[in-house]
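Trainee: Just the structure for this:
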Amino acid sequence: MRRFAILAGMTLEQISLLAQIAGAVAFLASLIFVGLQIRQNTQSQRIVAVESLAAAIAAINVPAMQSPLVGTALARTLKDWRAASHDERVIAHYFLFCFFKLHEQAWYQHKRRVLEPGQWSGENLIRAYYHSPGIQEVCWPSRRHAFSPQFQAYLAATEPPQEIVPLSDLFGGESGG
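Mentor: Predicted coordinates:
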């Protein structure tokens, strides 16, 4: 009853002002809520993107873990595409196509700030593969058009990393090709 008595003593203009203030507070609260929801959704999408890239990396590496021939093929083709056997070039071609496509997607995710800088650390490996003699001499010139012009330009502007040793050095022995 007392509330009505307070409102009864107010002018229409005061009641209107009070209603506008209440509406503004409600509107501001809804904006804050929407902002928090968008932030939470963005974080969830980043997690999904990172998990998707991790799953893709695992998917292209599982065959290499199951068969040393993939590693041998990569080591030889990265060093000298033409010196590798026909079968090694076939194996390496399909692996490298997936590997470069995966890194193209990761590069776009990094550019759009979906991936944080620490999550783009795979950049060193793609640069090592890209700048290897076997890729530069044969593979990339014949397959680069399967990738976006922006990704091609990005790779062309990079330098080979010094901290990544060639697979032939890493594997040693016969796989060193």
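Trainee: For the protein, give the helix that spans the most residues.
Mentor: Counting residues, the longest helix found in the chain (DSSP state H) is helix 12-66.
Trainee: For it, which helices and strands make contact with it?
Mentor: helix 68-79, helix 86-111 (3 or more C-beta pairs under 8 Å, 6 or more residues apart in numbering; DSSP states H and E). Just so you know, the C-beta spots here come from the backbone N, C-alpha and C atoms, and that holds for glycine as well.
Trainee: highest average neighbour count across the ones you listed?
Mentor: helix 68-79 (a mean of 22; mean count of other C-beta atoms under 10 Å).
Trainee: For that helix, which outside residues touch it?
Mentor: Contacts of helix 68-79 with the rest of the structure, by C-beta atoms under 8 Å, 6 or more residues apart in numbering, involve 63-64, 83-85, 87-89, 91-93, 95-96, 129, 132-135, 139, 166-168, 170-171, 174-177.
Trainee: circling back: adding mean pLDDT and distance to Ala156, write the helices and strands packed on helix 12-66 out as TSV.
Mentor: Output for the helices and strands packed on helix 12-66, formatted as TSV (pLDDT from 0 to 100; distance: least, C-beta to C-beta, whole Å):
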stretch	mean pLDDT	distance to Ala156
helix 68-79	91	18
helix 86-111	91	13
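Trainee: Tell me the gap between stretch 161-177 and the middle of its chain.
Mentor: The chain centre lies 26 Å from the centre of stretch 161-177; the measure is C-alpha atoms, centre = their mean, to the nearest Å.
Trainee: For it, C-alpha coordinates in CSV please.
Mentor: Extracted in CSV, the C-alpha atoms of stretch 161-177 (Å, rounded to 0.1, in the frame of the first residue of the first chain):
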residue,chain,number,x,y,z
PRO,A,161,63.7,-22.0,-39.4
GLN,A,162,67.2,-22.7,-38.0
GLU,A,163,65.9,-24.7,-35.0
ILE,A,164,64.3,-27.5,-37.0
VAL,A,165,66.7,-30.3,-38.2
PRO,A,166,65.8,-32.1,-41.5
LEU,A,167,63.9,-35.4,-41.1
SER,A,168,66.9,-37.2,-42.8
ASP,A,169,69.1,-36.0,-39.9
LEU,A,170,66.4,-36.8,-37.3
PHE,A,171,65.7,-40.3,-38.5
GLY,A,172,69.3,-41.1,-39.6
GLY,A,173,70.2,-44.5,-41.0
GLU,A,174,68.6,-45.7,-44.2
SER,A,175,65.7,-43.2,-44.0
GLY,A,176,68.2,-40.4,-44.3
GLY,A,177,68.2,-40.8,-48.1
